[in-house]
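Trainee: Give me a 3D structure for the following:
(one chain, ligands or ions: 1)
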Amino acid sequence: MEIRDFSYQLPDGRQLFQHLSAVFDAGKINILLGVNGVGKTTLLDFIAGVSERRDLPFVGFPTMHQVAYQMQDAPFTGSATVADTLKMMVDLDQPDERFTEDQLPVSLQEIAHSHFRDLSGGQRQLVILEGVCQLRRELYLFDEPESGLDVKVAVSVLDRIQQLTANGKTVIMTTHQFRNLPTENVKVLVLAGKQIAFSGTPNELMMRTGTSSFEEAYLKTDA
Ligand SMILES: Nc1ncnc2c1ncn2[C@@H]1O[C@H](COP(=O)(O)OP(=O)(O)OP(=O)(O)O)[C@@H](O)[C@H]1O
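Mentor: Numbers count the residues shown, from 1 in each chain. Reported below is the predicted structural model:
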């Protein structure tokens, strides 16, 4: 999956991407990093096909129907319970299969009968994340999946995302959290200066910047 020489101007005329090229590795977690406002979500929107994607710069990406996208602030029905919400997502995606409560991850079983409107922000995020992971797609996009979550819960979210790649799926995610990020089967892409300023493994990023911490290495990458 590759973006070739992609340039994009915002509606207000600002140039967000200029000759941007990037390769996302199949079967890996591709982590897109970059400062606030650099364009990570905008790039995910193009990859997902939410923003109209011209074929020329976007090579080898699955069609929109094969992409699951967890956006920031996804809307949901307040009166549905957690179990109803997940059942609804799975039923829409896989009409021939029955989703039962025992398929809920342990973290959600306790709140299976809580109404969506009564959940905390973090709990809502977990439900949506699980729903997105349940969809059968080739490519999964997550926009800051662990933002606002307790560090222990964030670890379980990252584990859930790793399960996808263990099953041969491809993930592209953005994040601002460096704690507990997986390093195996991971590619890091740093968006800076309207282009991808670095792309490689976390180890390569650390070696290039002469540091032993992922976060420090990122901070030393040109922004
Ligand atoms: N529809 C739009 N109209 C005008 N400007 C937009 C639009 N969508 C995004 N932008 C601008 O594009 C820039 C990139 O936004 P984007 O949300 O992609 O950044 P980001 O890297 O995901 O940021 P963050 O890490 O804060 O979520 C921002 O300056 C934003 O204001």
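Trainee: where does the chain have low pLDDT?
Mentor: The model of the chain has pLDDT under 70 over residues 55, 72-76, 222-223.
Trainee: May I see the buried residues of the longest helix seen in the chain?
Mentor: Ranked by residue count, the top helix of the chain under DSSP state H comes out as helix 151-166. Buried positions in helix 151-166, judged by neighbour count with 16 or more other C-beta atoms under 10 Å: 153-154, 156-158, 160-162, 164-165. From N, CA and C alone the C-beta is placed, and that goes for glycine too.
Trainee: Now those in JSON lines, please, with extra columns for distance to Thr174.
Mentor: Output for the buried residues of helix 151-166, formatted as JSON lines (distance: C-beta to C-beta, whole Å):
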{"residue": "Val153", "distance to Thr174": "18"}
{"residue": "Ala154", "distance to Thr174": "14"}
{"residue": "Ser156", "distance to Thr174": "19"}
{"residue": "Val157", "distance to Thr174": "13"}
{"residue": "Leu158", "distance to Thr174": "13"}
{"residue": "Arg160", "distance to Thr174": "16"}
{"residue": "Ile161", "distance to Thr174": "12"}
{"residue": "Gln162", "distance to Thr174": "16"}
{"residue": "Leu164", "distance to Thr174": "16"}
{"residue": "Thr165", "distance to Thr174": "16"}
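Trainee: contacts with the ligand among those, please.
Mentor: Taking C-beta under 6 Å from any ligand atom as the test, the ligand is in contact with none of those.
Trainee: quick revisit: who does the longest helix of the chain touch, helix- and strand-wise?
Mentor: Helix 151-166 sits against strand 29-33, helix 121-134, strand 139-143, strand 170-174, with contacts defined as 3 or more C-beta pairs under 8 Å, 6 or more residues apart in numbering; DSSP states H and E.
Trainee: okay, the angle between the last one and helix 151-166?
Mentor: Between the axis of strand 170-174 and that of helix 151-166 there is an angle of 150 degrees, by axes from the mean of the first three to the mean of the last three C-alpha atoms, to 10 degrees.
Trainee: And the second one, by the same measure?
Mentor: Interaxial angle of helix 121-134 relative to helix 151-166 (the same axes, to 10 degrees): 10 degrees.
Trainee: Give me the contact list for helix 121-134.
Mentor: The contact list for helix 121-134 (C-beta atoms under 8 Å, 6 or more residues apart in numbering) reads 68-70, 74, 76, 82, 85-86, 89-90, 93, 99, 104-105, 107-108, 111, 114, 116, 119, 140, 142, 145, 147-150, 153, 157, 160-161, 163-164.
Trainee: Just the buried residues of it, please?
Mentor: Neighbour counts using 16+ other C-beta under 10 Å place 123-134 of helix 121-134 among the buried residues.
Trainee: Any of the contacts of helix 121-134 buried? List them.
Mentor: Of the contacts of helix 121-134, these count as buried by 16+ other C-beta under 10 Å: 68-70, 76, 82, 85-86, 89-90, 99, 104, 107-108, 111, 116, 119, 140, 142, 145, 149, 153, 157, 160-161, 164.
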